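> quick one: sequence and predicted model below, then my questions.
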Amino acid sequence: MGEDVPLSALFGLLFVLLLLSAFFSGSETALVSLNRYQLRHKARQGHRGARLADKLLQRPDRLIGLILLGNNLVNFSAASLVAIIALEIGGEPAVALGTLLLTLVVLIFSEAAPKTMAALHPERLAYPAAMIYYPLLKIMYPIVWLTNVASNGVLYLLGVRTGGSELQALTREELRTVVHEAGSRISSRYQQMLLSILDLEKVSVDDVMVPHNEIVGIDLADEISEIEEIISKSEHTRLPVYEDNVDNVIGILHLRRLANLAPQSFDKTSIRQLLDEPYFVPEGTPLSKQLVQFQRRRERVALVVDEYGDIQGVVTLEDILEEIVGEFTTDPADQIEDVVREGPDSFLVSGTANIRELNRAQGWELPTDGPKTLNGLILELLETIPEPSTCLKISGYPLEIVASDENRVRTVRIGPRAVEAEL
């Protein structure tokens, strides 16, 4: 053959075969390394290479069969060609050396280098390769089909079932990782909102409700002047209405409806006529489910009850939305009542302060999987009501009991000024 074809042509053909081998190796890695969600996104946007790559990856057995068929054909042809060139140049002793050199060249230039580049930048090679493989698969389909039948038969005997490659749904934690890894592509504010939405199932109405002892409502047993004062000072547009005590709620009053009443007709009877039916939800209801229920029922306020039907608190649509987007308004009076800054890192905190709100406002990481208030957290840990000056650590935060009474912790100092003492 050396007499018919010059060595330069043989070397040129060998170079082409090595390029084809590099293409097959690199494109295989590129197609497999594609981010399936980015691929689907680009395919929906009309990117031709992405659409073809998505179709090819729906049957990876056919794609891999086509690539391996081409790659092996090219590599075996290159090996035969090297043998011919070696015989032409140095005779039979040169064949072994030629095989060794070919192995090194294929390993470096046709395998390692293209696969590494494809793994780092899969889209650059995958989309152009898909435009080549898609029509090539149509042409070579009979051979690829026979190859796949044989290989799938072997896999079947081994207990492996082949089929379409479906895009697996991400778990909540995997979605959290995706949001975190988005980096500067999503602003920090939107990142936090997305993470809060993903966490709605972990948070229940118990975590965000106004507890029983802090419910502000209208007691029809009070004098009408007292009711007027409560309404005038109310920060909410909807108030529970009860008789004698909060556990006997008879309805929810929308304060805007009072605007239609004449001043002389404002009495307890007219208030009763304006009431909506109270909406009760069981404690422990996830916020994600409660948000849907608020939407379906067109409600904005719900009374949280325990298994005995006793009212535990009030949860509103605003409470749930604030879990996602943060506080809508900032009331300085509330901040002074619950948290008072003593120094750069030292705070006086009310024992009734909600732990989740403290964590969100101060950037702390106090445990939220147990009691809802700071008082409850301390009592659960100590299993007794501590005396003032008692010191402890919770999740690395030094706490000092500043004031307590016979049934609860009233004030706690959190920060370096608290005496650090391990339990």
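It's in.
> next SSE downstream of the lengthiest strand in the chain?
Secondary structure of the chain per DSSP state E: the longest strand is strand 397-404. Downstream of strand 397-404, the next assigned helix or strand under DSSP states H and E is strand 409-414.
> tell me the strands beside that following strand, with direction?
Here strand 409-414 has these sheet partners by DSSP bridges: strand 346-350 (antiparallel), strand 397-404 (antiparallel).
> of all the ones you listed, which one is nearest residue 97?
strand 397-404 (71.3 Å; CB to CB). No exception for glycine: its C-beta is placed from N, CA and C like everyone else's.
> off-centre distance for the closest one?
35 Å (CA atoms, centre = their mean, to the nearest Å).
> CA-only coordinates of stretch 182-201, as CSV, when you get a sec.
What follows is stretch 182-201, C-alpha atoms only, in CSV (Å, rounded to 0.1, in the frame of the first residue of the first chain):
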residue,chain,number,x,y,z
ALA,A,182,-27.3,30.9,41.6
GLY,A,183,-25.0,33.5,43.3
SER,A,184,-25.2,37.0,41.6
ARG,A,185,-27.7,35.8,39.0
ILE,A,186,-30.4,36.3,41.7
SER,A,187,-30.4,39.2,44.1
SER,A,188,-29.9,38.3,47.8
ARG,A,189,-33.4,39.6,48.5
TYR,A,190,-35.0,37.3,46.0
GLN,A,191,-32.8,34.5,47.1
GLN,A,192,-34.1,34.8,50.6
MET,A,193,-37.7,35.0,49.4
LEU,A,194,-37.3,31.8,47.3
LEU,A,195,-35.7,30.0,50.3
SER,A,196,-38.5,31.2,52.5
ILE,A,197,-41.1,29.8,50.1
LEU,A,198,-39.2,26.4,50.1
ASP,A,199,-39.3,26.5,54.0
LEU,A,200,-43.0,27.1,54.3
GLU,A,201,-43.7,23.4,54.7
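> rounded mean pLDDT for that stretch, please.
The average pLDDT within stretch 182-201 is 78.
> just say helix, strand or coil for residue 293.
Using DSSP: H, G, I helix; E, B strand; the rest coil, the three-state assignment for residue 293 comes out as helix.
> by contact count, what packs against the longest helix belonging to the chain?
If each helix of the chain is counted by residues according to DSSP state H, the longest one is helix 60-90. Secondary-structure packing of helix 60-90 (3 or more CB pairs under 8 Å, 6 or more residues apart in numbering; DSSP states H and E): helix 7-33, helix 48-57, helix 93-105, helix 122-139, helix 141-157.
> possible to save these as a markdown table with mean neighbour count and mean pLDDT?
Formatted as a markdown table, the helices and strands packed on helix 60-90 follow (neighbours: other CB atoms under 10 Å; pLDDT from 0 to 100):
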| stretch | mean neighbour count | mean pLDDT |
| --- | --- | --- |
| helix 7-33 | 18 | 88 |
| helix 48-57 | 20 | 87 |
| helix 93-105 | 14 | 82 |
| helix 122-139 | 18 | 89 |
| helix 141-157 | 13 | 80 |
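> can you give me the helices in the stretch 101-250 of the chain?
113-120, 122-139, 141-157, 172-181, 188-198, 205-208, 224-233 (DSSP state H, counting those that start in this stretch).
> format these as a markdown table; extra columns: distance to residue 105.
A markdown table is the format used below for the helices of the stretch 101-250 of the chain (distance: least, CB to CB, whole Å):
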| stretch | distance to residue 105 |
| --- | --- |
| helix 113-120 | 11 |
| helix 122-139 | 20 |
| helix 141-157 | 27 |
| helix 172-181 | 38 |
| helix 188-198 | 48 |
| helix 205-208 | 64 |
| helix 224-233 | 86 |
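> nearest to residue 297, of the ones you listed?
Proximity to residue 297 (CB to CB) singles out helix 205-208 among these, at 14.4 Å.
> hey, C-alpha coordinates of that closest one in CSV?
Taking C-alpha atoms only, helix 205-208 is exported to CSV below (Å, rounded to 0.1, in the frame of the first residue of the first chain):
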residue,chain,number,x,y,z
VAL,A,205,-49.2,28.2,62.0
ASP,A,206,-48.0,27.8,65.6
ASP,A,207,-44.7,29.5,64.7
VAL,A,208,-46.2,32.7,63.4
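> re earlier: show me which positions of the longest strand of the chain end up buried.
Using 16 or more other CB atoms under 10 Å as the test for burial, strand 397-404 gives 398, 399, 400, 401, 402, 404.
> do the same with stretch 362-382
Neighbour-count burial for stretch 362-382 [16+ other CB under 10 Å]: 364, 366, 368, 372, 373, 374, 375, 376, 377, 378, 379, 381.
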